[in-house]
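Asker: With the sequence up front, the predicted model follows.
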Amino acid sequence: MKKKTWIGLLLSFLLLCSCNDGVEIKQDYDFNLSSWYLQKQVEMGETVEIRFYLTREGDYDKARYELGYIQMDGKGEVFDSEGTHLINREVIPLDAVPDLDTTNPKKQVFTLFYRSTSTKRSELKFFLRDNFNQEREMNVTFDVQSGSSEQ
């Protein structure tokens, strides 16, 4: 009988020691970068609106995002609704983008504009990364309506 009591006490002690009352808070929620329908062709000098959607699996209020782009092919300008140009291969805080819609913390919406400055096909890679080193990319391609060469 004493043996069963000791085993019971030992099991109870092990169970109590293995409990962890610390609550883990998920911080690095997965996210996606997408856009509304984009036209396929542009003319040189034409401005195109690109509406982006940041869709997050969860809401952690200390998550921060940075936005950037790389002009892979062609020439052009990327700017926000106030006319401020983004610089190729540099990042800015997402919350610095004017008119960032944060009413739904799991689906944030923002708009950028692209103006082609060449007659060559434009290919851009937009990227969004969070402060947990997760990064998502979105490629955007615009074909030029005229068949002329690079200017």
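Answerer: Happy to help now that I have it.
Asker: all strands of this structure, in order?
Answerer: Assigned by DSSP state E, the strands in the chain fall at 31-35, 41-42, 47-56, 65-73, 76-79, 85-86, 91-93, 107-116, 122-130, 135-144.
Asker: of those, which approaches D99 most closely?
Answerer: For D99, the closest of those is strand 107-116, at 6.5 Å, according to CB to CB. In this view, the C-beta of every residue, glycine as well, is placed from N, C-alpha and C.
Asker: Can you give me the buried ones in the closest one?
Answerer: Judged by neighbour count (16 or more other CB atoms under 10 Å), strand 107-116 contains these buried residues: Q108, V109, F110, T111, L112, F113, Y114, R115, S116.
Asker: swap in stretch 95-103?
Answerer: V97, L100.
Asker: Not counting its neighbours along the chain, what's nearest the residue nearest the centre of the chain?
Answerer: With distances taken as CA atoms, centre = their mean, the chain has L128 as the residue nearest its mean C-alpha position (3.4 Å). Ranked by CB to CB, 6 or more residues apart in numbering and with sequence neighbours excluded, the top spatial neighbour of L128 is L33, at 4.7 Å.
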